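> Let's see this in three dimensions:
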Amino acid sequence: MDDPLVGSDPLRDRLRATPVPAVVWVLGVLVLLGLQAGRIGPGIASLGMELVTATTVAVAWIADGFGGPWWRRVAAGIAVATVGLAVNRLSGRSPVRWILAHAGRLDSFPGGRRLSRLDRAIDDLLVTVGIAGMGWLVVRTGLLGPVRTVGGAVQAGLTALSGVPTLPGRELVPNRGYQTPDGTWHGPFLGLSPAVAWGLRVLLVAAYVAVWLGWLGVGYRWYRRHYRRADWTPRDDVLRRLRGHRWGQFGMLVVAAFLAMALFAPTLGTTTAEQNIYSPFSNSIEHYDTDAGEVTELLVGQANLQTTSEGYPGRNVGPLSYDQYDRFHPFGTMTDGKDLFTFLMHGARVSLLIGLLSVAVSAALAMVFALISAYYRGLADLLLVVVGDTIMGVPRLLLLILLTVLLSDTWLAEIYDGGALLALVLAGTGWPFLWRSFRGPALQTAERDWVDAARSYGQSPGGIMRLHLLPYLVGYLLIYSSLVLGGVILAIAGLSFLGLGITAPTPEWGRAVDLGREYVATQSWHISLIPGAMITLVVMAFNAVGDALRDAVDPQSDAGVTDASETESRGGGA
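Residues are numbered from 1 along each chain as shown. Presented below is the predicted three-dimensional model:
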């Protein structure tokens, strides 16, 4: 009799046997997400527009390349081949196997004979030609018009969700208003002062984040109790060590606060980014004019010009203070009168997005190269060592400045106000340090008996690296990626301080430090010191998380920095 579990997912069977905890948990997640529907929809629409813009620019570059000089045609061909190879390998599908199966040359589908290297090469070629052919057909037949129409309709529907109130949200707990001579506040939530209304909204955000974290913990406990097969796994020991790691817990708390700032920047800010950063002269505020004895309307840009912080008593709005237009500033104002707190909240989002993209690209490159070094060794490893040492031999700050300036006029600089270019430059100069950290464990794992057994059974090199090497390097990937992320944020701030980072007016912490460096010893010290302290705290927190993960995953490792590559991963390379 056939085993009923063969070909089925054991977790799926356990979910069917005990569905109530999973259903309750999923419903709780949907409720929490529904409270933010007014932000999630427009956010997806904005991300989609960024992806569409990036894709359009890339397609235009490739199309122009095929009509340009020979080196542009070669570059465009390499780009198309890379996309085809990535799609084919990530999809896991085989056009050759499908053709052979339908031609009757395979006994079964997807089983049958093992695909040769020639078959895989034909697979890659067929997928690449198919992608290129579809792209040419879409461009030549004018199908881009209907696609854009459908995309515009979807974007409009998602953007329409912005009118749905969110909890916590600025619409439900407003803090902007004005005070009349009798001391009454008009506009803020329940007639409270702007400072109290803003503080209440911050507390609601903190409570919402705490509920999310608690609900995730509940989901993990229910998974252990109802759906996990084993009573104990090595992950339990990792979590137990993390619960006793106070330095790591401090880092996790700060990192959680940093993520909350990035995710809830529109809610946490005392005003919107549109009013405060991007279009202050296109938005207006109401305030009570004591001279006229009535409520008047004023452009935000004009109000900012009267509330600048320039280092002396008559021109300074410090932390936790109001300006003459009844606007509350938790961190004070900047040299141009913009609210520093709102600037830093949205700057956290920019730093996080660039940091995650940079770390993802550099970690992927480093892991692939480490697997290649460990499996092939010899000439392949020597070539990677030479390339990696060459990159590490050049002072990284000099290399970052050079590449940022050289590529500042390319199409990459147009994506996300230069954020994509900065992320790729950081990834291209940072992968050797991660590769050095992954290479040693990968070489040790490649010596294991199960790897030799897989080779003797004829398993493909890609399968061996993916199934027998990669799983044992995931812990190192998490540890060093967390360390690298702090260094990347520091590098982003440093380049912005030098005027080579994100283009204005996009907010970035390093630019705030640069704007306030002349006023450090004056009453406007807050412009530079507050963002500088936040950068230091966040970098320290990511390093603490990396230390905690290392001690939890590998408790026998040395607590000190034992390798130059680890020093670089903490930001020293920049």
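> buried residues in stretch 244-264?
For stretch 244-264, a neighbour-count test (16 or more other Cβ atoms under 10 Å) marks 245, 248, 251-252, 254-255, 257-258, 260-264 as buried. Just so you know, the C-beta spots here come from the backbone N, C-alpha and C atoms, and that holds for glycine as well.
> Go ahead and name everything in contact with that stretch.
Applying Cβ atoms under 8 Å, 6 or more residues apart in numbering, the external contacts of stretch 244-264 come out as 168, 205-206, 209, 213, 242, 268, 344-345, 348-349, 351-353, 537-538, 540-545, 547-549, 551-552.
> So among those, which ones count as buried?
168, 205, 209, 242, 268, 344-345, 348-349, 351-353, 538, 540-545, 547-549, 551-552.
> Which parts of the stretch 351-500 of the chain are helices?
All helices of the stretch 351-500 of the chain, identified by DSSP state H, counting those that start in this stretch, fall at 378-393, 396-406, 419-446, 449-456, 461-464, 474-497.
> comparing those, which gets the lowest mean pLDDT score?
Sorting these by mean pLDDT places helix 461-464 lowest, at a mean of 82.
> Give me the distance between it and the centre of its chain.
What separates the centre of helix 461-464 from the centre of its chain is 29 Å, taken as Cα atoms, centre = their mean, to the nearest Å.
> That helix - contacts with which helices or strands?
Using 3 or more Cβ pairs under 8 Å, 6 or more residues apart in numbering; DSSP states H and E, the elements in contact with helix 461-464 are helix 340-376, helix 449-456.
> So which bits of the first one are buried?
What that stands for is helix 340-376. 340-355, 357-359, 361-363, 365-367, 369-375.
> Could you find the closest non-adjacent residue to residue 129?
Nearest residue to residue 129, sequence neighbours excluded (Cβ to Cβ, 6 or more residues apart in numbering): residue 84, at 7.6 Å.
> Over to residue 80?
Closest to residue 80 by Cβ to Cβ, 6+ apart is residue 132, at 5.2 Å.
> Neighbours of that neighbour, how many?
18 (other Cβ atoms under 10 Å).
> What distance do you get for it to residue 249?
From residue 132 across to residue 249, the span is 52 Å (Cβ to Cβ, to the nearest Å).
> cool, and residue 405?
Going from residue 405 to residue 249 by Cβ to Cβ gives 41 Å.
> Can you list the buried residues in the strand or helix carrying residue 24?
Here residue 24 sits within helix 19-34, counting by DSSP states H and E. For helix 19-34, burial by neighbour count (16+ other Cβ under 10 Å) applies to 21, 22, 25.
> Check which helices and strands it sits against.
Contacts defined by 3+ Cβ pairs under 8 Å, 6+ apart place helix 19-34 against helix 194-222.
> picking up where we left off before, so which of the buried residues of stretch 244-264 belong to helices?
248, 251, 252, 254, 255, 257, 258, 260, 261, 262, 263 (DSSP state H).
> Kindly indicate which of the residues you listed lies nearest residue 523.
residue 261 (26.0 Å; Cβ to Cβ).
> Just the pLDDT for the closest one.
For residue 261, pLDDT reads 93.
> go on, the one 10 residues further on?
At residue 271, the model reports a pLDDT of 93.
> May I ask which helix or strand encompasses it?
Per DSSP H and E, there is no helix or strand for residue 271.
> Start at 82, not 1
Happy to do that; since the first residue is 82 now, the last one works out to residue 352.
> so where is the stretch 82-231 of the chain shaky, pLDDT-wise?
Of all residues in the stretch 82-231 of the chain, those with pLDDT under 70 make up the ranges 82-90, 122-124, 126-138, 140-141, 144-145, 147-148, 168-201, 216-229, 231.
> quick one on the thing from earlier: can you redo the helices of the stretch 432-581 of the chain as a markdown table with distance to residue 273 and mean neighbour count?
Shown next, in a markdown table, are these (distance: least, Cβ to Cβ, whole Å; neighbours: other Cβ atoms under 10 Å):
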| stretch | distance to residue 273 | mean neighbour count |
| --- | --- | --- |
| helix 459-474 | 55 | 14 |
| helix 477-487 | 46 | 16 |
| helix 500-527 | 37 | 23 |
| helix 530-537 | 65 | 13 |
| helix 542-545 | 62 | 15 |
| helix 555-578 | 35 | 24 |
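> on that earlier part again, which of the buried residues of stretch 325-345 lies at the shortest distance from residue 605?
residue 342 (22.7 Å).
> measure that closest one to residue 265 for me?
Taken as Cβ to Cβ, the span from residue 342 to residue 265 is 32 Å.
> before we move on, what about residue 598?
Applying Cβ to Cβ, the value for residue 598 to residue 265 is 41 Å.
> Adding distance to residue 277, write the helices and strands packed on helix 542-545 out as a markdown table.
A markdown table is the format used below for the helices and strands packed on helix 542-545 (distance: least, Cβ to Cβ, whole Å):
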| stretch | distance to residue 277 |
| --- | --- |
| helix 421-457 | 16 |
| helix 530-537 | 63 |
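> I'd like to know which of those helices is closest to residue 505.
helix 421-457 (6.6 Å).
> residues in contact with the nearest residue to residue 527 once chain neighbours are set aside?
Nearest residue to residue 527 in three dimensions, chain neighbours excluded: residue 455, at 4.1 Å (Cβ to Cβ, 6+ apart). Shown in contact with residue 455 (Cβ under 8 Å, 6+ apart): 520, 523, 524, 526, 527, 546, 550.
> Just the pLDDT for residue 455.
In this model, residue 455 carries a pLDDT of 90.
> tilt between the helix holding residue 105 and helix 275-303?
160 degrees (axes from the mean of the first three to the mean of the last three Cα atoms, to 10 degrees).
> just how off-centre is helix 100-115 within its chain?
Distance of helix 100-115 from its chain centroid, counting by Cα atoms, centre = their mean, is 25 Å.
> go on, stretch 380-390?
33 Å.
> With only the CA atoms kept, save stretch 106-123 in CSV.
Extracted C-alpha coordinates of stretch 106-123, given in CSV (Å, rounded to 0.1, in the frame of the first residue of the first chain):
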residue,chain,number,x,y,z
TRP,A,106,-3.2,33.7,13.8
VAL,A,107,-3.7,34.5,10.1
LEU,A,108,-6.9,36.4,10.9
GLY,A,109,-5.0,38.4,13.5
VAL,A,110,-2.4,39.3,10.9
LEU,A,111,-5.1,40.4,8.5
VAL,A,112,-6.6,42.7,11.1
LEU,A,113,-3.3,44.3,11.9
LEU,A,114,-2.6,44.8,8.2
GLY,A,115,-6.1,46.1,7.7
LEU,A,116,-5.4,48.9,10.2
GLN,A,117,-2.7,50.1,7.8
ALA,A,118,-4.6,49.6,4.6
GLY,A,119,-4.6,53.4,3.9
ARG,A,120,-0.7,53.3,3.9
ILE,A,121,-0.1,49.8,2.4
GLY,A,122,-2.0,50.4,-0.8
PRO,A,123,-0.3,53.7,-1.8
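> how far does it sit from the chain's center?
20 Å.
> same deal with stretch 203-212?
Worked out by Cα atoms, centre = their mean, stretch 203-212 lies 31 Å from the chain centre.
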